[in-house]
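[1] pasting a predicted model and its sequence here:
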Amino acid sequence: MAAARALIRDVISDTPVLHSRVAVRDGAGPVFLKCENLQRTGSFKVRGDYSRIARLSDAERARGVVAASAGNHAQGVAFAAGRLGCAATVVMPGGRAAA
């Protein structure tokens, strides 16, 4: 975990953890929110995406990466690949055909 943290330190925002007073008032006990929505991509997914692409060999990165996602993972892969000079192909599901 420390190695991954060091790898992404200069790329990923250090997001705050906030205590939710609303949840405590509702009797749910202490609730803390990790504000990963403040990442440039809007999600925590970029942490793993960047970490994995950064650990590819030069030859692997030169071939590019492929991801299947219509959301946060797609954004994380695209961001990470762009930062690392790696081509990325993101496959997104198409619209659903009428029955």
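    Yep, that arrived.
[2] so where do the helices sit in this structure?
    2-8, 21-25, 45-54, 58-63, 72-83 (DSSP state H).
[3] residue contacts, the closest residue to Phe32 other than its chain neighbours?
    Excluding the flanking residues, the one nearest Phe32 by CB to CB, 6 or more residues apart in numbering is Val17, at 5.2 Å. Backbone N, C-alpha and C define where each C-beta goes, glycine included. Val17 is in contact with 32-35, counting by CB atoms under 8 Å, 6 or more residues apart in numbering.
[4] what's across from Val17 in the sheet?
    When bridges are called by DSSP bridges, Val17 pairs up with Lys34.
[5] worst mean pLDDT among the helices of the chain?
    Among these, helix 21-25 carries the lowest mean pLDDT, at a mean of 70.
[6] closest to Val90 out of the helices of the chain?
    Closest approach to Val90 among those (CB to CB): helix 72-83, 4.5 Å.
[7] tell me what the closest one is packed against?
    Packed against helix 72-83 by the contact rule (3 or more CB pairs under 8 Å, 6 or more residues apart in numbering; DSSP states H and E) you find helix 45-54, strand 65-68, strand 88-91.
[8] may I see the buried residues of stretch 65-75?
    The neighbour-count check on stretch 65-75 (16 or more other CB atoms under 10 Å) flags 65, 67, 69, 72-75 as buried.
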